[in-house]
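[1] Here's my sequence, what's the structure:
(chains A and B)
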Number of protein chains: 2
Amino acid sequence: MDNLISSKENVHIKYAKKVMTSSKFRNQENCFLIEGIRLCEDALNNSVVLKETFYTKKCFEKSKNILEKIISKSQKSFMVSESLMNIISDTDAPQGIVCICEKNKLNVNFEDKLKNEDKIVLLENVQNPSNLGTIFRTCDALKIENVIILGNGCDVYNPKVLRGSMGAVFRLNIFEFVNSLETVNKLKNFGFKIYATTPQNDAKFVSDMDFSEKSGIVLGNEGNGLTQELIDICDEKIKIPMNSNAESLNVSVACGILIWEMMKKELLNER
Amino acid sequence: MDNLISSKENVHIKYAKKVMTSSKFRNQENCFLIEGIRLCEDALNNSVVLKETFYTKKCFEKSKNILEKIISKSQKSFMVSESLMNIISDTDAPQGIVCICEKNKLNVNFEDKLKNEDKIVLLENVQNPSNLGTIFRTCDALKIENVIILGNGCDVYNPKVLRGSMGAVFRLNIFEFVNSLETVNKLKNFGFKIYATTPQNDAKFVSDMDFSEKSGIVLGNEGNGLTQELIDICDEKIKIPMNSNAESLNVSVACGILIWEMMKKELLNER
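    Numbers count the residues shown, from 1 in each chain, chains lettered A, B, ... in the order given. Purely as a prediction, here's the structure:
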């Protein structure tokens, strides 16, 4: 039988809470926290290392088969009360399972993976975790395999990102580089044509692009868009034509339309 | 000078809080609550009736010009402390202005507006307020003017919907009908071809449709999709081709891609 934790002062509870709330602590400890049966199962199926699993009795009884599988693969596991689960959960109605997982090593095989890749998505300073998670989910659904995070945006391992991604984070190759310009220049050297998305007047309509070459689309921050320095070194400026009275599209919706346009041929060829 | 409210027991504060939190109360009182300078200004510019405005001193001093305009158009206005603002705000960091607005009469001129309309979007049982707000924002940006809410989804006047829509709710014609089948049949009688979005195997790819006729796209609930009864009476089943290993797209992203495909010709013709 597993260890039962009943005090909120317990060292594992305190640790899990800190993993959930602090991106700095996640970096330092090289781990992240996921919750919900579906996401924990996804992690397991994608060979993510499960360090500590916390679950409630109710959740165990409700989903015994999958819980047993997750627990058997976890380095440590603890049964906790509902009230303790609330402390280490990021949701209003916790499903009753939380896992601390080990991060993969960052930026491994970047050159190898990118040299052989055809289509990529780049994000500069995207701040909102729901947007970031939704963009990962879109990439996964529309056959993008490599996503490159530039600048200083939202932490990829924020619990809201992980949840919004519906497990896509475990399937995608995600690379992170603070230096946007250096990274884009490197990708151009790998043969990528880089498309900056911007509402500027001289940007071309995305539907006029043919994306037959190795292509990467870059999207920017929710409020400010891409930095001008980054736009300046891209090969092409593109935009989605829209109603001039409306403000703009949400970044994850814009990203969906742009990826769709870039990937359409490939997605349709497979029918 | 305006009335100053300093007690959280004040009847206007209690009223505003109830408008914010209860869709039932919003229906009963025929009003809704918005917050933030941008959204309140949008309401004003779209001739929404402002019944009560609450603002902090700090916000007034920071944005005097626009606050004075909003206050002068409000039937009542109150200066409140920061702590009272927190009570009637739905956000973590309130900007310091909240307005109670009068709802428009529901479903007015439905037949007139729809008979002369060419492209519409329908949503059945969409639950998540962020998704609904984002979809409204997308409709507005991509030149959809009429949105029809079917079934029992999220309240259009939920504060999160209003915020996520970035003011699109004030510019769109939004109709609500509980009876999905009756409404879709009526639209078919108006000459609309109705496209049900569903991942079912026999659904056609959206990119194979030409949308040259009067067209309406229907999207369903986040978890369950469209009801089968509704799918059965639609003219065509459509889907977005995607990676078979991935779960699905977020409904607001899917909606973005579908609307883009339906509206592309029109959006591009205007260049």
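
[2] tell me the SS of residue A:98?
    At residue A:98 the chain is in strand, as set by DSSP: H, G, I helix; E, B strand; the rest coil.

[3] Alpha carbons only: can I get the helix ranked longest in chain A in PDB?
    Counting by DSSP state H, the longest helix found in chain A is helix A:251-269. C-alpha atoms of helix A:251-269 as PDB (Å, rounded to 0.1, in the frame of the first residue of the first chain):
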ATOM      1  CA  VAL A 251      -3.200  34.700 -31.500                       C
ATOM      2  CA  SER A 252      -4.100  31.000 -31.200                       C
ATOM      3  CA  VAL A 253      -6.900  31.400 -33.800                       C
ATOM      4  CA  ALA A 254      -4.600  33.300 -36.200                       C
ATOM      5  CA  CYS A 255      -2.000  30.600 -35.700                       C
ATOM      6  CA  GLY A 256      -4.600  28.000 -36.500                       C
ATOM      7  CA  ILE A 257      -5.500  29.700 -39.800                       C
ATOM      8  CA  LEU A 258      -1.800  30.300 -40.800                       C
ATOM      9  CA  ILE A 259      -0.700  26.700 -40.000                       C
ATOM     10  CA  TRP A 260      -3.700  25.400 -41.900                       C
ATOM     11  CA  GLU A 261      -2.700  27.400 -45.000                       C
ATOM     12  CA  MET A 262       0.900  26.200 -44.600                       C
ATOM     13  CA  MET A 263       0.000  22.500 -44.100                       C
ATOM     14  CA  LYS A 264      -3.100  22.200 -46.200                       C
ATOM     15  CA  LYS A 265      -1.400  20.500 -49.200                       C
ATOM     16  CA  GLU A 266       0.200  17.900 -47.000                       C
ATOM     17  CA  LEU A 267      -2.900  17.300 -44.900                       C
ATOM     18  CA  LEU A 268      -5.000  16.900 -48.100                       C
ATOM     19  CA  ASN A 269      -2.500  14.700 -49.900                       C
END
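
[4] Show me what that helix is packed against.
    Helices and strands touching helix A:251-269, by 3 or more C-beta pairs under 8 Å, 6 or more residues apart in numbering or on different chains; DSSP states H and E, are strand A:119-124, helix A:129-141, strand A:215-219, helix B:129-141, helix B:251-269. In short, each C-beta sits where N, CA and C put it, glycine included.

[5] Could you pull out the buried residues of it?
    Buried positions in helix A:251-269, judged by neighbour count with 16 or more other C-beta atoms under 10 Å in any protein chain shown: A:251-264, A:267.

[6] What of stretch A:40-60?
    Quick answer for stretch A:40-60 (16+ other C-beta under 10 Å): A:40-44, A:48, A:50-56, A:59-60.

[7] that older thread, residue A:13: which of the helices and strands packed on helix A:251-269 is closest?
    Smallest distance to residue A:13 across the helices and strands packed on helix A:251-269 (C-beta to C-beta): 23.0 Å, for helix A:129-141.

[8] So what touches the host helix or strand of residue A:61?
    If you go by DSSP states H and E, residue A:61 is part of helix A:57-62. Residues outside helix A:57-62 that contact it (C-beta atoms under 8 Å, 6 or more residues apart in numbering or on different chains) are A:37, A:67, A:79, A:82, A:95-97.
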